[in-house]
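Engineer: Quick check, what structure comes out for this input:
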Amino acid sequence: MPRHEFQTIADAALALETGSVTAIALVEEALARMAEGEGPTVFTAVHAKSARDSALAMDQLRLVGRHPSRFAGIPITIKDLYDEAGHITQAGSIARDASAPAGATAPVVTRLQRQGFVVLGRTNMTEFAFSGLGVNPHYGTPKSPWDRQTGRLPGGSSSGAAVAAADGMGFGGLGTDTGGSCRIPAALCGVVGFKPTARRVPITGVLPLSPSLDSVGPLARSVACCHVLDAIIAGAEEVAVLPELSLAGLRFGVLHNVVEEGMEGEVAQPYARALALLEAAGARLVDITLPELERIPGINAKGGLTASEAYAWHRELIASDGPRYDPRILKRIARGEHMSAADYLGVVEARAGIIAEAAAHTAPFDAVLCPTVPLAPPAIAAVEEESEYNRINMLLLRNTSIANFLDRCAISLPCHLPGEAPAGLMLMGEAMGDAKLLAIAAAVERLLEV
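Structural biologist: Residues are numbered from 1 along each chain as shown. You can find the predicted model right below:
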């Protein structure tokens, strides 16, 4: 089968419109990629028959001018955290093998299908989304595209979504982001990952980790692809074109405290290069510190919102099937058992105060910049020991979790050169400033691609 060179949703939509490719050809090509390389580890379930049937239907509708949108027939993926009617929502776990299949499909998935997108299958993930590494002992760990001979971490928890996007298994996919789970794998796999302001996109039908922090977001090969998927899952019937912004005159706060600690040279070099390019393009870069960030670890010391809310959901399943959990994930969830109601309410109150402080400090800026993660993709073997698992996990989550705690939108863009280890540049916007952030990110992406 010939391999096409369509990289983006826009490329595929134009090719479908002009008749230079069919939906079934795009799906067959994606399925072929999914059967080789990392494919078998990337997916926990492949919907080959329904994907082919949907693609053929979209081709027939297109022939008579009745296709639902210009995206009809474009293949995508969804994380193994989304309900699909008739399928068990495994969430990367074997502890849910006996669970009933979902009775309804998550609204965000339905919105994409209504536009004609074709779901290829369910992507692998960290069990129950509770780690930034992407390691899964039940279904295997997909490798980052970089240095596959060594075998590098893909990042998590949306590991399969990132590797699928990087390897051309569809044109993007849905992940989730509670502490960085779209942006960490995007950074380690060299793709784009977007975390919207949480309240913009419904989490109904998505197995929860921490409802106070959970966000539904896309991973794909370009900002424009993420924009399309985000607009649709947020409820848009028509996807507006991203405006082309000039970077000249934009004000960026370059964050230094917390986020640069322990940064490796393989990340520091492309990050510094990206900042230099922005300054040369006329953007105004202002060095900033946010002292309130120093208080977040203390606020979360007993487990924070994530452990307490995760334990509330998991306690019955742990009682019946706890031994089937990855013990490292089980230990993280179990921290929530010992949090009192007073502890929980204290975190909620402290978070509200820090959100207000940070909003005042960042108000003068169009976006805040920092490295997405401070590390190049570590070897999978490096996290076999629990102490290193925990250390590297905390490092990978540290920068990205800031946006979740602050209730902001944020995006990770690749900023490395070909041949270099993948590195991510994170842009953080204001709460509900998603449209502005995506437009800025698209302009930064153009600059970095030159």
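
Engineer: now what about stretch 134-147, what contacts it?
Structural biologist: Identification of contacts with stretch 134-147 by Cβ atoms under 8 Å, 6 or more residues apart in numbering yields 38, 40-42, 44, 92-94, 124-127, 151-157, 159-160, 162-163, 166-167, 184-185, 188-190, 326, 376-377, 380, 383, 389, 421-422. Glycine gets a C-beta too; all of them are placed from N, C-alpha and C.

Engineer: Can you list which of those residues are found in strands?
Structural biologist: Thr44 (DSSP state E).

Engineer: Can I get the buried part of the contacts of stretch 134-147 as one PyMOL selection?
Structural biologist: Buried subset of those, written as a PyMOL selection, criterion 16 or more other Cβ atoms under 10 Å:
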select buried, resi 38+41+42+44+92+93+124+125+126+127+152+153+154+155+156+157+159+160+162+163+166+167+184+185+188+189+190+326+376+377+380+383+389+421+422
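
Engineer: Among the contacts of stretch 134-147, name the ones in helices.
Structural biologist: In this view, the contacts of stretch 134-147 that belong to helices under DSSP state H are 40-42, 159-160, 162-163, 166, 184-185, 188-189, 389.

Engineer: Could you save the residues you listed as JSON lines and add columns showing distance to Ser54 and pLDDT?
Structural biologist: Below are these laid out as JSON lines (distance: Cβ to Cβ, whole Å; pLDDT from 0 to 100):
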{"residue": "Pro40", "distance to Ser54": "22", "pLDDT": "97"}
{"residue": "Thr41", "distance to Ser54": "24", "pLDDT": "98"}
{"residue": "Val42", "distance to Ser54": "20", "pLDDT": "98"}
{"residue": "Ser159", "distance to Ser54": "25", "pLDDT": "98"}
{"residue": "Gly160", "distance to Ser54": "20", "pLDDT": "98"}
{"residue": "Ala162", "distance to Ser54": "24", "pLDDT": "98"}
{"residue": "Val163", "distance to Ser54": "23", "pLDDT": "98"}
{"residue": "Ala166", "distance to Ser54": "24", "pLDDT": "98"}
{"residue": "Ile184", "distance to Ser54": "31", "pLDDT": "99"}
{"residue": "Pro185", "distance to Ser54": "26", "pLDDT": "98"}
{"residue": "Leu188", "distance to Ser54": "31", "pLDDT": "98"}
{"residue": "Cys189", "distance to Ser54": "26", "pLDDT": "98"}
{"residue": "Tyr389", "distance to Ser54": "39", "pLDDT": "98"}
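
Engineer: Using PDB, list the CA coordinates for stretch 381-394.
Structural biologist: Output in PDB follows, covering the C-alpha atoms of stretch 381-394 (Å, rounded to 0.1, in the frame of the first residue of the first chain):
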ATOM      1  CA  ALA A 381      14.900   0.700  32.300                       C
ATOM      2  CA  ALA A 382      15.800   3.700  34.500                       C
ATOM      3  CA  VAL A 383      12.400   3.600  36.300                       C
ATOM      4  CA  GLU A 384      12.400   0.000  37.200                       C
ATOM      5  CA  GLU A 385      13.500   0.800  40.700                       C
ATOM      6  CA  GLU A 386      10.700   2.400  42.700                       C
ATOM      7  CA  SER A 387      12.900   5.300  44.000                       C
ATOM      8  CA  GLU A 388      13.900   6.300  40.500                       C
ATOM      9  CA  TYR A 389      10.300   5.800  39.300                       C
ATOM     10  CA  ASN A 390       9.100   8.300  41.900                       C
ATOM     11  CA  ARG A 391      11.900  10.800  41.400                       C
ATOM     12  CA  ILE A 392      11.600  10.900  37.600                       C
ATOM     13  CA  ASN A 393       7.800  11.000  37.800                       C
ATOM     14  CA  MET A 394       7.800  14.000  40.100                       C
END
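
Engineer: Would you verify that His67 is located in a strand?
Structural biologist: No: under DSSP: H, G, I helix; E, B strand; the rest coil, His67 sits outside any strand and is assigned coil.

Engineer: and it, how many neighbours?
Structural biologist: 21 (other Cβ atoms under 10 Å).

Engineer: Same question for Ala334.
Structural biologist: Neighbour count of Ala334, defined by other Cβ under 10 Å: 18.

Engineer: give me every residue that touches it.
Structural biologist: So Ala334 contacts 311, 318 (Cβ under 8 Å, 6+ apart).

Engineer: Tell me the secondary structure at it.
Structural biologist: State at Ala334, reduced to three classes by three-state DSSP: helix.

Engineer: how near is it to Ala319?
Structural biologist: 12 Å (Cβ to Cβ, to the nearest Å).

Engineer: same question, Pro374
Structural biologist: From Pro374 across to Ala319, the span is 38 Å (Cβ to Cβ).

Engineer: Neighbour count: these two, which is higher?
Structural biologist: Set Pro374 next to Ala319 and count neighbours by other Cβ under 10 Å: Pro374 wins out with 22 against 8.

Engineer: wouldn't the more buried one be in contact with Glu266 here?
Structural biologist: No: applying Cβ atoms under 8 Å, one finds Pro374 not in contact with Glu266, separated by 10.0 Å.

Engineer: Touching both of those two, which residues are there?
Structural biologist: What both Pro374 and Glu266 touch, as defined by Cβ under 8 Å, 6+ apart, is an empty set.
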